[in-house]
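Undergrad: Just the structure for this:
(one chain, ligands or ions: 1)
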Amino acid sequence: MTRTLLLSLSPSRVFVGLVFLLSSLLVPILSQTTCGTTPIDLSTPGTAPLAVSVTGSTGFSYLTALTDGNTNTASYATQPIVTSGVTCAAPAWVKMDLGTLRVITSITLWHYYPDRRNCGQTLEISDTGVFGGEQVSILNTGSDYGPTEYSDGNTYPVNNVVGRYIRHFIGPSNSETAQVRLLEMKVMGYPCSSSSDLNLPTAPPTQTQTQCGSSPIDLTTNQNLLITGSPQFSYLRSLINGVTDAALHSTQVFSPTFIPLTATCSSPYFVTIDLGTLRVITSITVWHYYSDRRYCGQTLEISDTGAFNNEQVYVMNSGSGYGPSEYSDGNTYSVNNVVGRYIRHLVGPSS
Ligand SMILES: [Ca+2]
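TA: Model (predicted):
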């Protein structure tokens, strides 16, 4: 009797015990650790959870160095390079395979730096690798020049796009018109394949009150925004780095001596800031190199689409004449709550 009772009870006790143990292990694994709570490096060997592979267009050498962690511009001779046959309209390309689907949060591109920009750039993410229209476009400069290259690369935010393949088209730089020199591509994201598995914090309940806030804030200084501009300009990203000291002009937006100055009062250069999303704008302050000078050919324009094809709102327009005197505290233009995403500024030479 005693033995029969024990036999009939023991299996069920063991079974219940196992079920409980599995449940307590499985719940935290499934809900917390498949994606993790912060993005990780998905591309650099030694750090990435899977090995990545890189392919490229004809003529590319040293493709494996695209993910070797070396971003030093002095190492260019053994970093991915094409030495001939590329143009802004017919750029070269590289393609990275992450090995499986991932939730991607950002991509950083390092090209040869400093003081140069590359044309013909795209950056695209695909889940299949076909790139036949299914891909998500992160960057597309057409045959124009992309942002200035820096030692810390250019980082493009990606809003949890799920993909496996990253393709980057790139043409030559403004100082080497037939060559392409890449240094590194780094993909950050979550090591899981569905954004619905993310354990992201839920929006605060006070969101309806704090979306706009009660007073204007600085929307640009040291924000991670894409700055584009005339290909003659270097250091475009310094347009929003908070430095307004004229003594530091050599690392601010300017046209370096190796590029002929072609801007005139009737054919000025341009810079454009992409705020990343629509904003209600209350003022714009512009600093140019100052001390007793004025600049001609100026406009200041706000667009919601970036087309600048008559949809934009003009905040100022000096025509081909000269704008106001330049001062150390810049010139501030009031904007009456215009909603826009793109700010364009045309500017010609100074007096
Ligand atoms: Ca590298």
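Undergrad: C-alpha only now, for contacts and for neighbours.
TA: OK.
Undergrad: Quick one: mean pLDDT over stretch 299-308.
TA: Across stretch 299-308, pLDDT averages out at 96.
Undergrad: hmm, who's touching it?
TA: By CA atoms under 8 Å, 6 or more residues apart in numbering, the residues outside stretch 299-308 that reach it are 278, 311-319, 338-347.
Undergrad: That stretch: which residues count as buried?
TA: For stretch 299-308, the neighbour count (16 or more other CA atoms under 10 Å) marks Thr299, Leu300, Glu301, Ile302, Ser303, Asp304, Gly306 as buried.
Undergrad: Skipping its backbone neighbours, what lies nearest the second one in space?
TA: The shortest distance from Leu300 to any residue that is not its chain neighbour, by CA to CA, 6 or more residues apart in numbering, is 4.6 Å, and that residue is His345.
Undergrad: Wait, the one you found touches Pro268, no?
TA: No: contact between His345 and Pro268 fails when scored by CA atoms under 8 Å: they sit 9.6 Å apart.
Undergrad: how far does stretch 60-73 stretch from start to finish?
TA: With CA to CA, to the nearest Å as the measure, stretch 60-73 spans 17 Å from end to end.
Undergrad: I meant to write stretch 69-82 there.
TA: One end of stretch 69-82 to the other measures 20 Å (CA to CA).
Undergrad: picking that back up, can you give me every residue that contacts the residue nearest to Leu300?
TA: Phe270, Val271, Thr272, Gln298, Thr299, Leu300, Glu301.
Undergrad: swap the cut-off to 10 Å and go again
TA: When contacts are counted by CA atoms under 10 Å, 6 or more residues apart in numbering, His345 touches 229, 268-273, 286, 297-302, 314-317.
Undergrad: so which of the residues you listed also contact the ion?
TA: When CA under 5 Å from the ion is taken as the criterion, no member of those contacts the ion.
Undergrad: Select from those every entry located in strands.
TA: Judged by DSSP state E, the contacts of His345 include 229, 269-273, 286, 299-302, 314-317 as members of strands.
Undergrad: Whichever of those residues end up buried, select them in ChimeraX.
TA: Filtering the ones in strands among the contacts of His345 down to the buried ones (16+ other CA under 10 Å) takes a single ChimeraX command:
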select :229,269,270,271,272,273,299,300,301,302,314,315,317
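Undergrad: quick revisit: got a PyMOL select line for the buried ones in the contacts of stretch 299-308?
TA: In PyMOL, a selection of the buried entries from these looks like this (16+ other CA under 10 Å):
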select buried, resi 312+313+314+315+317+318+338+339+340+341+342+343+344+345+346+347
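Undergrad: re the thing from before, farthest-separated two in the buried residues of stretch 299-308?
TA: Across the buried residues of stretch 299-308, no pair lies farther apart than Thr299 and Asp304, at 16.5 Å, counting by CA to CA.
Undergrad: if we can go back for a sec, any idea which helix or strand carries the residue nearest to Leu300?
TA: strand 331-347 (DSSP states H and E).
Undergrad: for that strand, the distance to its chain's centre please.
TA: Relative to its parent chain, strand 331-347 has a centroid offset of 22 Å by CA atoms, centre = their mean, to the nearest Å.
Undergrad: What strands line up against it, and which way round?
TA: strand 269-286 (antiparallel), strand 299-303 (antiparallel) (DSSP bridges).
Undergrad: and it with strand 313-317, angle?
TA: 90 degrees (axes from the mean of the first three to the mean of the last three CA atoms, to 10 degrees).
Undergrad: how about the CA coordinates for strand 331-347, as CSV?
TA: C-alpha atoms of strand 331-347 as CSV (Å, rounded to 0.1, in the frame of the first residue of the first chain):
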residue,chain,number,x,y,z
ASN,A,331,21.9,87.1,-36.9
THR,A,332,18.6,85.7,-35.5
TYR,A,333,15.5,85.6,-37.7
SER,A,334,12.1,85.1,-36.1
VAL,A,335,9.8,82.5,-37.5
ASN,A,336,6.1,82.5,-36.7
ASN,A,337,5.6,78.8,-35.8
VAL,A,338,6.3,77.5,-39.4
VAL,A,339,6.1,73.7,-39.6
GLY,A,340,9.0,72.3,-41.5
ARG,A,341,11.7,69.7,-41.6
TYR,A,342,14.4,71.0,-43.9
ILE,A,343,16.2,74.4,-43.5
ARG,A,344,18.1,75.6,-46.5
HIS,A,345,20.5,78.6,-46.5
LEU,A,346,22.0,80.0,-49.7
VAL,A,347,25.1,82.1,-49.2
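Undergrad: quick one, helices of this structure?
TA: Ranges of helices within the chain are 2-28, 207-210, based on DSSP state H.
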